[in-house]
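1. The sequence and its predicted three-dimensional model are supplied below.
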Amino acid sequence: MKRRWLILILMVAPLCAGGLAKDKQAHIAAGAVIGLSSGYLAHKMGSKHPQAWGFAVGVSAGIAKELYDRKHPRRHTPEFNDALATAAGASFSFSVRW
């Protein structure tokens, strides 16, 4: 249990220190919300691996967002690092045991 908290603290520390751009912080937060809520839903539906489902849905959302940005270049700029930031946020679903 202590190891999970340490990992969580190490993942959140750069956000608190301002080491990431606001855009990346928003992607991490969105990935965390999507990953945790999807994992919780998978748990409630009886899945044996809700953390994996949460991560997969969060990563898929990040990829879908960047594909959308690529289709609409006048208003959006696709960035690979944005998808990685969303995936990093989605990895928070592995820090929870339901």
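-> Happy to help now that I have it. Numbering: from 1, shown residues only.

2. can you give me the helices for the chain?
-> 2-17, 22-44, 50-71, 80-90 (DSSP state H).

3. Out of those helices, which one sits most buried?
-> Each of those was scored by mean neighbour count; the highest is helix 80-90, a mean of 21, by mean count of other CB atoms under 10 Å. Placement of C-beta: from N, CA and C, glycine included.

4. Identify all contacting residues around that helix.
-> 11, 20, 23-24, 27-35, 54-55, 57-59, 61-63, 65-66, 69 (CB atoms under 8 Å, 6 or more residues apart in numbering).

5. returning to that earlier point: for the helices of the chain, which has the smallest mean pLDDT value?
-> Looking over the helices of the chain, mean pLDDT reaches its minimum on helix 2-17, with a mean of 64.

6. And the residue nearest to residue 76 when sequence neighbours are not counted, how far from residue 87?
-> Closest residue to residue 76 apart from its sequence neighbours, by CB to CB, 6 or more residues apart in numbering: residue 69 at 3.7 Å. To residue 87, residue 69 is 16 Å away according to CB to CB, to the nearest Å.

7. same check, this time on residue 80
-> Taking CB to CB, one finds residue 80 at 11 Å from residue 87.

8. ok, now residue 55?
-> 8 Å.

9. Next: residue 57.
-> Distance from residue 57 to residue 87, by CB to CB: 11 Å.

10. same check, this time on residue 62
-> For residue 62, the distance to residue 87 - CB to CB - is 6 Å.

11. so what sits against both of these two?
-> residue 31.

12. wait, residue 54 sits on residue 47?
-> No. At 9.6 Å, residue 54 does not count as touching residue 47 under the criterion of CB atoms under 8 Å.

13. Quick check: phi and psi at the residue of the chain most remote from its centre.
-> Most distant residue from the mean C-alpha position of the chain: residue 74, 25.8 Å away (CA atoms, centre = their mean). Backbone torsions for residue 74, taken as degrees, to the nearest 10, come to phi -70, psi -30.

14. Next one, pLDDT for it please.
-> 95.

15. who's in contact with the spatially closest residue to residue 86 that is not a sequence neighbour?
-> Closest residue in space to residue 86, ignoring its immediate chain neighbours: residue 62 at 2.9 Å, by CB to CB, 6+ apart. If you count contacts by CB under 8 Å, 6+ apart, residue 62 has them with 27, 31, 82, 83, 84, 85, 86, 87, 90.
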